[in-house]
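Novice: what's the 3D shape of this:
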Amino acid sequence: MLYLNNPEATINIGIYLAQPCSMLLLAAMEAPMKQANEILGYERYRFCYIADTQDEINISRRVSLQVDYSIQEAPAVDILFVASEQWPGSSESQRVPLAGRKFLQHMATHTSTLMVGV
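Specialist: All right, here's what the predicted structure looks like:
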């Protein structure tokens, strides 16, 4: 966590997109940090999108998003946001697939990544 000791170090942030996920949720996570980059004049916060596959995913009926990395190719990140609109008690078909759950478990137990659920 080099960024804790160096205020100019870039903080690498991964956003794991678990379906379903909304554009409003993504904007609420990203916008403040992108604005902070603008104010600071350098890239303090760097984002990448991670999903079960590296395909383009649908955020809403009209908006799709290109994923940067699949869970198999995901780079090391300092912070991992888990973006999802799933609720406790969701049906089995709405749960994160097994591969995604294993990825999240690995990130939580075998890395120094800070995980945040939203």
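
Novice: check contacts around residue 57.
Specialist: When contacts are counted by CB atoms under 8 Å, 6 or more residues apart in numbering, residue 57 touches 17, 19, 21, 51, 64-65, 67. C-betas here are computed from N, CA, C, even on glycine.

Novice: What segments of this protein are helices?
Specialist: Taking DSSP state H, the helices of the chain run over residues 23-40, 98-110.

Novice: Dump these to TSV, plus mean neighbour count.
Specialist: Converted to TSV, the helices of the chain look like this (neighbours: other CB atoms under 10 Å):
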stretch	mean neighbour count
helix 23-40	13
helix 98-110	14
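
Novice: Okay, and the beta partners of residue 16?
Specialist: residue 50, residue 82 (DSSP bridges).

Novice: do you know how far it is from residue 35?
Specialist: 22 Å (CB to CB, to the nearest Å).

Novice: And the pLDDT for the closest residue to residue 17 other than its chain neighbours?
Specialist: Excluding its sequence neighbours, the residue lying closest to residue 17 (CB to CB, 6 or more residues apart in numbering) is residue 51, at 4.6 Å. In the prediction, the pLDDT value recorded for residue 51 is 89.

Novice: Quickly note the distance from residue 51 to residue 62.
Specialist: 19 Å.

Novice: same thing with residue 14?
Specialist: Taken as CB to CB, the span from residue 14 to residue 62 is 25 Å.
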